[in-house]
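Novice: how would this look folded up:
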Amino acid sequence: MVQPGIVTLAAQERSATGPWMFMLDVDPGTYDLIAADASSILIERSQLVTTSETLPTIDVAANGTPLTSVPATIAGGLEGEVVGTDVLLITQDDGFVTLTTATSTLEVVPTALLVSSDAEASAAYATTATTYRYTEPSVTVADPVATSFALPPRLAGTFDLVGGAVYVGWVTLPTQGSVALGVYGASNQAVVTASQSWLAAAQASGLVFDTSEPGWMPAWSFWTRESYDEQLSVSADDVQDGYFYTSVSGAPGFAQHEGERRTGAVVRRAARCGMRNRHAIACP
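Specialist: Numbers count the residues shown, from 1 in each chain. Here you go, the predicted model:
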């Protein structure tokens, strides 16, 4: 690809510099090729993959279409945060791309490039060294790209390791969504989740991996033998206003990484029909 940017063909690669080479591990099948840089996008639909091959050089400046810049309003940004937008595009043949800016301007796929089976949605995020907040409003087919966003609350948590058990405590949480404590090592991860109803019934102000529980195996406590990061998160995708995700990490730089990982999971899930359903677009 000539420009820095992103290439998707069932799998995805990106580069901050150009020109660059990409290699995608793709099963045989029919896929939409999507390539984008900061200002243009190229969509080549229904590309048949049967064997290993070398694609022609991708030049989105020469062969793509300029993205459409749309101003957005993002409420709830706080001092010290980087606030930006995402536009998510899912196409019929497993095409997916997230167009991200670090501003309050959406870079939207032009209407002329879209077909009826595509799903396009917009989102906003805010991030610091240890926190990540993301919201994707519920929209309609008639207006698939929202331009007004209200960020979820920013989390604050106290992380600790007590008697071999990883713990996180809090003062306040959003009143909607599933609450999770995640522990992430180099090659292991563990997550415990709790519903809002359980937290209320237990009057809980924290979550813990309780290694004293009967049946707990010492080998599961990987955090006692390797470095790890921990994260408190709250997420919901069935609320009236759409989907949201908010997290705080015990390590600088980790919260944004994990937030983006979660966003990527949303995109991959959407490619399997979820996002089309959520935005009332018919699935094949």
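
Novice: can you map out the helices along this protein?
Specialist: Assigned by DSSP state H, the helices in the chain fall at 60-63, 196-202, 254-271, 274-278.

Novice: got a list of what Ser104 touches?
Specialist: By C-beta atoms under 8 Å, 6 or more residues apart in numbering, the contact set of Ser104 is 71-74, 83-85, 124. To be clear about C-beta, it is placed using only N, CA and C from the backbone, and glycine gets the same treatment.

Novice: pLDDT below threshold where in the stretch 101-250 of the chain?
Specialist: Within the stretch 101-250 of the chain, the ranges that satisfy pLDDT under 70 run 139-144, 238-241.

Novice: can I have the buried ones of the contacts of Ser104 as a ChimeraX selection?
Specialist: Restricted to buried positions by 16 or more other C-beta atoms under 10 Å, the ChimeraX selection for those reads:
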select :72,74,83,84,85,124
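
Novice: returning to what we had before: lowest-confidence stretch among the helices of the chain?
Specialist: Lowest mean pLDDT within the helices of the chain: helix 274-278, a mean of 46.

Novice: dump the residue contacts of the residue nearest to Glu226 when sequence neighbours are not counted.
Specialist: Once flanking residues are discounted, Glu226 sits nearest to Gly185: 4.9 Å by C-beta to C-beta, 6 or more residues apart in numbering. Gly185 makes contacts with 222-223, 226-228, as judged by C-beta under 8 Å, 6+ apart.

Novice: of those residues, which is the nearest to Ala165?
Specialist: Trp223 (9.3 Å; C-beta to C-beta).

Novice: looks like that closest one contacts Leu161 (just checking).
Specialist: Yes. Taking contacts as C-beta atoms under 8 Å, Trp223 lies within contact range of Leu161: 7.1 Å.

Novice: burial measure for Thr51, as a count.
Specialist: 5 (other C-beta atoms under 10 Å).

Novice: ramachandran angles for it?
Specialist: For Thr51, the backbone dihedrals (degrees, to the nearest 10) come out as phi -150, psi 170.

Novice: give me the pLDDT for it.
Specialist: Note for Thr51: predicted pLDDT of 93.

Novice: look up the closest residue to it, ignoring the ones flanking it.
Specialist: Nearest one to Thr51, counting by C-beta to C-beta, 6+ apart, is Pro28 at 7.7 Å.

Novice: what's the answer for Tyr228, then?
Specialist: Gly185 is the one closest to Tyr228 (C-beta to C-beta, 6+ apart), at 4.5 Å.

Novice: how close does the one you found sit to Ile43?
Specialist: Separation of Gly185 from Ile43 (C-beta to C-beta, to the nearest Å): 39 Å.

Novice: pop the domain breakdown of the chain in here.
Specialist: The record's domain parsing of the chain by automatic domain parsing lists 5-152+260-278, 158-249.

Novice: can you give me the end-to-end span of the last one?
Specialist: Distances were taken as C-alpha to C-alpha, to the nearest Å; on that basis the terminal residues of domain 158-249 are 9 Å apart.

Novice: run the chain-centre distance for that domain.
Specialist: The chain centroid and the centroid of domain 158-249 are separated by 19 Å under C-alpha atoms, centre = their mean, to the nearest Å.

Novice: Gly206: what's it in contact with?
Specialist: 167-170 are the contacts of Gly206 under C-beta under 8 Å, 6+ apart.

Novice: any of those residues buried? List them.
Specialist: Buried among the contacts of Gly206 by 16+ other C-beta under 10 Å: 167-168, 170.

Novice: kind regards, and thank you for your time.
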